[in-house]
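Trainee: build me a model from this:
(chains A and B)
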Amino acid sequence: MSYQMPQPKSLPGKSYFILFTLRYLLRKMEISVGEAEKRTGKNSVNMQEIYTVYLIETRPVDAVTEGLIPAPDSLWRRYSEFELLRNYLLVTYPFVVVAPLPEKRAEIVWHKLSADNMDPDFVERRRVGLENFLLRLASHPVLCNDKIFYIFLTEADSRLKAMNAAFRVKNPDKRFTELKHYSDELQTVVSQLLRVQARVADRLYGVYKVHGNYGRVFSEWSAIEKEMGDGLQSAGHHMDAYAASVDDILEEEEHYADQLKEYLFYTEALRAVCRKHELTQFELEMAAQDLTSKKQQKEELVTGTVRTFSLKGMTSKLFGQETAEQREAKLQVLEQQIEEGEEAVKEKNTESNEFVKTAWVDIERFKDQKDRDLKEALISYAIMQISRCKKGIQVWTNAKECFNKM
Amino acid sequence: MSRTIDDVVSPTQTNTIPADISGQMLDLDEDDDFEVFSKDSTLADGSMFNASMQTSPGSMVNQCKFEEDEDGDSKDIFITVDNPESHVTAIETFITYRVLTKTTRSEFDNSEYEVRRRYQDFHWLKGKLEEAHSTLIVHPLPEKFVVKGMVERFNGDFIETRRKALHKFLNRIADHPILSCSEDFKVFLSAQAWELTTYKKQGPGFLSRMGETVRAVANSVRGVKNRPEEFTAIQEYVEDFSNKISSLDKVTQRIVKEQKEYLEELKEYGPTYTLWSGSEEELAEQLKGVAGCIERCCQETEEQVGHLSDTLVPVLHEYVLCAETLKAVLRRRDNIQAEFEAKNEALATKKVDRDALKVEIDKLEDRVEWANNALKGDWVRWQRSMRGDLKSAFLSTAEKNVDYYEKCLAVWETFLLSQRTEPSEETDRDNTS
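Mentor: Below is the predicted model:
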């Protein structure tokens, strides 16, 4: 891909510009996702995998306008890293409608199914989608200033992962973590299944339809045969019937696919619930952290010992203590804050527990529904196959009768 | 010294009238500078026919019943072609096949023969048979070269397909009342390799074969004027038949191709259910069950495609070749008639020895009648074979397809049965809890 000037899809109106001109990252940098390459490596379960990485290039706008065109800074990132960034933003800015990522496709190598991810068209579409995503973030008044976002664009080390860990929820309910993994897995496997099912149905269509040619040729041939004519003619009709029967068969296959697709789409809803849990948990942890730090400050103030390093502490040591009045005032403020903090923590705790309780009830309900529905779907699939086999037996038995008359 | 028809058809030699004299007839216009068969089978086999036969060659053929040995009862030559082996010499590599013959026929010295033959030898035999019996229908040989190139020649499937076709070729000849009496055929089945080589070297030399070709071309250029209606009808039929059978051949090969591609996708389908089962608890058993069903259906599909390739495809292909054979036979018949007509016309126009020419014309006329009768008889025979072969091939295919669907049905029904029992367990649990 040649380096292109990125075209932001939606520049806000002029008033926005006036307010946020200086703060828009885009005014400072050109961003593009220029290329894609394949890499191989070992994944978390030590399996060999092939994945695609995308080249993020950035260049300061000033340099370009001054007539210099320096080489852009660039680094490679893979799709999962974009996901980390987005998850981080979702948690950190819960009030923001964060731009979506392009479609996630199965990245697990499984026989030949990985070919879909390596398909050049798909890679290209994804490249464009990822570039669009970054431009959306860069043009967002709040998100564009995020430090982690900046690091994502400019620094190639894995600090993002470390940062992400720091901003991650420390004690998520294990069940929700498992649920998130499950929903990812479900999405992957069902996508693959549906893809292969579609190809199988396509091929089956071909087989049935070609038999229609038998119908035509038998009919023509029967015209020149005296003894075999009748047998051939009627056999030909059965071949036509066989060829025609595939239309109904495919319709049923599509219906089955729709049943599976519903649960494919459900996975998004599952992920949303998990994210909400993470959010409430995160807020709780933040509140708790804040409270702890306030309590510590109070203790230091009271005992006069400095446990944590702070600039204030240093200056106090160097330039003398505050007055007793000043200290008293500070103490009062802190105690007030601690009281409020404790309230906040209690509130968040209740909120979190409530959420976990009610969410989990519904998740159990969902699981039961899913098991029931999919069990039924698989049974109906078997019934479908049985019906197809029965039709096949009938057609070919009839054809055999006709051939016997030849 | 060349043989003329006079030597052969003479009132004093009724008991030694050969079954096939067309080979001699071709020599009529030639000089005597070619070799003569010393072991000409056509004379030796005169003992095949009883003495009550009349002298005219045409009626001789009428006597010979084409229909009688269609059932296996009167079959007295049993041939198998098997055991392909590769031979490497300094010049070339080739395959030989074992040809095992068991027979009770008196003109064979032994009752059992085992020889090795290569494709070239079969090709030679076919040529000799067509030469000696130009209006009889000889079953086709598998093709000389593979379309895709020489490398395929030693591929296992190719050799097996060829072997089966060669087996069929010899057995068809053995079943034929006239062709099976051929001395060339006998030599082919019984002679050791070096004996065959020597034998091959005898017979009309290059010049005589050239002469035949030249005459054939000349005749075909002349064209036949009064072709009997029935042969025109046969020709039209053969034309149509050739088209239809070629279409069927193509359609069947296309089906095989599509079925194979379907199988390839199906092989990847089962594993997706297995993969999914790894993420599930309640559903795992069921998903694995479905995966198992699909896998078993894959096996059945593979078998079905194999059957199609082994049974229907070769037969259709054989009859595509048959159609070409038929066209050639009709052409040769036409040529024989054309030659007669030409000489007949010459009688009216040229200033030659009319008596000598008249004798020649009579011989040619007999030859035409003989050729026509031979063809007519063999045509009936061929049609019957064709119907039998194609009916049996299509029947077999239909049976296999029924079998295929029945097996797949059983697979899914078993699965369904295992599923249907579980819900009743669950409802029991619900009732008791």
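
Trainee: alpha carbons only for contacts and neighbour counts from here, please
Mentor: Noted.

Trainee: so B:Phe78, which state does it fall into?
Mentor: Following DSSP: H, G, I helix; E, B strand; the rest coil, we place B:Phe78 in the strand state.

Trainee: quick one, what contacts it?
Mentor: Residues near B:Phe78 by Cα atoms under 8 Å, 6 or more residues apart in numbering or on different chains: B:101-103, B:171, B:174.

Trainee: how far does the lengthiest helix in chain A sit from the chain's center?
Mentor: Using DSSP state H, we find that the single longest helix of chain A is helix A:324-404. Helix A:324-404 has its C-alpha centroid displaced from the chain centroid by 16 Å (Cα atoms, centre = their mean, to the nearest Å).

Trainee: what is that helix packed up against?
Mentor: Contacts defined by 3 or more Cα pairs under 8 Å, 6 or more residues apart in numbering or on different chains; DSSP states H and E place helix A:324-404 against helix A:229-244, helix A:246-303, helix B:284-307, helix B:354-432.

Trainee: looking at the ones you listed, which one is packed in the most?
Mentor: Across the helices and strands packed on helix A:324-404, averaging neighbours per residue (mean count of other Cα atoms under 10 Å in any protein chain shown) puts helix A:229-244 on top, at a mean of 22.

Trainee: count the neighbours of A:Lys391 for me.
Mentor: If you count neighbours by other Cα atoms under 10 Å in any protein chain shown, A:Lys391 ends up with 15.

Trainee: repeat that for B:Ser86.
Mentor: 11.

Trainee: okay, it: pLDDT?
Mentor: Note for B:Ser86: predicted pLDDT of 87.

Trainee: kindly report the same for A:Val123.
Mentor: Each residue has a pLDDT score; the one for A:Val123 is 81.

Trainee: domains in chain A, by residue range?
Mentor: Per the record, chain A has its domains at A:25-168, A:176-304+A:331-405, by the TED database.

Trainee: by mean pLDDT, show me the worst of the ones you listed.
Mentor: domain A:25-168 (a mean of 74).

Trainee: which residues does the residue nearest to A:Asp247 when sequence neighbours are not counted contact?
Mentor: Counting by Cα to Cα, 6 or more residues apart in numbering or on different chains, A:Asp247 lies nearest to A:Tyr205, which is 7.9 Å off, once chain neighbours are set aside. The neighbours of A:Tyr205, taking Cα under 8 Å, 6+ apart as the test, are A:246-247, A:250.

Trainee: now do the helix or strand containing A:Tyr205 against helix A:246-303, angle only.
Mentor: For A:Tyr205, the element it lies in under DSSP states H and E is helix A:174-222. Interaxial angle of helix A:174-222 relative to helix A:246-303 (axes from the mean of the first three to the mean of the last three Cα atoms, to 10 degrees): 170 degrees.

Trainee: please find the angle between the direction vectors of helix A:174-222 and helix A:229-244.
Mentor: For helix A:174-222 against helix A:229-244, the angle by the same axes, to 10 degrees is 160 degrees.

Trainee: between helix B:354-432 and the helix or strand hosting B:Arg172, find me the angle.
Mentor: With elements taken from DSSP H and E, the one containing B:Arg172 is helix B:156-175. Counting by the same axes, to 10 degrees, helix B:156-175 points 130 degrees away from the direction of helix B:354-432.

Trainee: pull out the buried residues from helix B:156-175.
Mentor: B:159-160, B:162-175 (16 or more other Cα atoms under 10 Å in any protein chain shown).

Trainee: just after it, pick out the following helix or strand.
Mentor: Downstream of helix B:156-175, the next assigned helix or strand under DSSP H and E is helix B:183-190.

Trainee: what domains does the record give for chain B?
Mentor: When chain B is cut into domains by the TED database, you get B:75-203, B:228-419.

Trainee: neighbours of A:Arg126, how many?
Mentor: Neighbour count for A:Arg126, taken as other Cα under 10 Å: 22.

Trainee: you'd agree it is up against A:Pro102?
Mentor: Yes - between A:Arg126 and A:Pro102 there is a contact under Cα atoms under 8 Å: 6.2 Å.

Trainee: between the two, what contacts are shared?
Mentor: Between them, A:Arg126 and A:Pro102 share no contacting residue, judged by Cα under 8 Å, 6+ apart.

Trainee: nearest residue to B:Asp175 in space, please, no chain neighbours.
Mentor: In this structure, B:Asp175 finds its nearest non-sequential neighbour in B:Lys75, 7.0 Å apart by Cα to Cα, 6+ apart.

Trainee: same question, A:Leu204
Mentor: The nearest residue in space to A:Leu204 (Cα to Cα, 6+ apart) is B:Tyr262, at 6.0 Å.

Trainee: who are the packing partners of the helix or strand hosting the one you found?
Mentor: B:Tyr262 belongs to helix B:229-277 when elements are defined using DSSP H and E. For helix B:229-277, the packing partners by 3+ Cα pairs under 8 Å, 6+ apart come out as helix A:174-222, helix B:284-307, helix B:313-349.

Trainee: between those helices, which one is closest to B:Lys144.
Mentor: helix B:313-349 (11.9 Å; Cα to Cα).

Trainee: and that closest one, which residues are buried?
Mentor: Neighbour counts using 16+ other Cα under 10 Å place B:313-323, B:325-344, B:347 of helix B:313-349 among the buried residues.

Trainee: repeat that for stretch A:323-343.
Mentor: Buried positions in stretch A:323-343, judged by neighbour count with 16+ other Cα under 10 Å: A:331, A:334, A:337-338, A:341-342.

Trainee: can you put the domains of chain B in a markdown table and add distance to A:Ser191?
Mentor: Listed next are these as a markdown table, based on distance: least, Cα to Cα, whole Å:
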| stretch | distance to A:Ser191 |
| --- | --- |
| domain B:75-203 | 39 |
| domain B:228-419 | 10 |
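
Trainee: weakest of those in terms of mean pLDDT?
Mentor: Minimum mean pLDDT among those: domain B:75-203, a mean of 86.

Trainee: ok so, going back, centre of the chain versus the helix holding B:Arg172, how much separation?
Mentor: Chain-centre distance of helix B:156-175: 8 Å, with Cα atoms, centre = their mean.

Trainee: likewise stretch B:159-179?
Mentor: 6 Å.

Trainee: tally of neighbours for the residue lying closest to A:Val200 once chain neighbours are set aside?
Mentor: Excluding the flanking residues, the one nearest A:Val200 by Cα to Cα, 6+ apart is B:Glu265, at 5.4 Å. Counted with other Cα under 10 Å, the neighbours of B:Glu265 add up to 20.

Trainee: report the contact partners of the closest residue to B:Val88 other than its chain neighbours.
Mentor: What sits nearest to B:Val88 in space, not counting adjacent residues and going by Cα to Cα, 6+ apart, is B:Phe94, at 6.6 Å. Contacts for B:Phe94 (Cα under 8 Å, 6+ apart) come out as B:86-88, B:118.

Trainee: now do the SS call for B:Phe94.
Mentor: Recorded secondary structure, B:Phe94: strand (three-state DSSP).

Trainee: so it versus chain A, what's the distance?
Mentor: 38 Å (Cα to the nearest Cα, to the nearest Å).

Trainee: I'd assumed B:Lys102 was in a helix, is it?
Mentor: No - assigned with three-state DSSP, B:Lys102 falls outside any helix and is strand.

Trainee: give the helix, strand or coil label for A:Met406.
Mentor: Here A:Met406 is recorded as coil under three-state DSSP.

Trainee: apart from its chain neighbours, what residue comes closest to it?
Mentor: Nearest non-adjacent residue to A:Met406, counting by Cα to Cα, 6+ apart: A:Met228, 4.3 Å away.

Trainee: was I right about the one you found contacting B:Arg387?
Mentor: Yes - in this structure A:Met228 lies within contact range of B:Arg387 using Cα under 8 Å: 7.4 Å.

Trainee: got any residues that touch both of those two?
Mentor: Common neighbours of A:Met228 and B:Arg387 (Cα under 8 Å, 6+ apart) are A:Met406.

Trainee: so which bits of the stretch 101-250 of chain A are right by chain B?
Mentor: When proximity is defined as Cα under 8 Å from any Cα of the partner chain, the stretch 101-250 of chain A approaches chain B at A:111, A:182, A:185-186, A:189-190, A:192-193, A:196-197, A:199-200, A:203-204, A:206-207, A:210-211, A:213-214, A:217, A:220-221, A:224, A:228.
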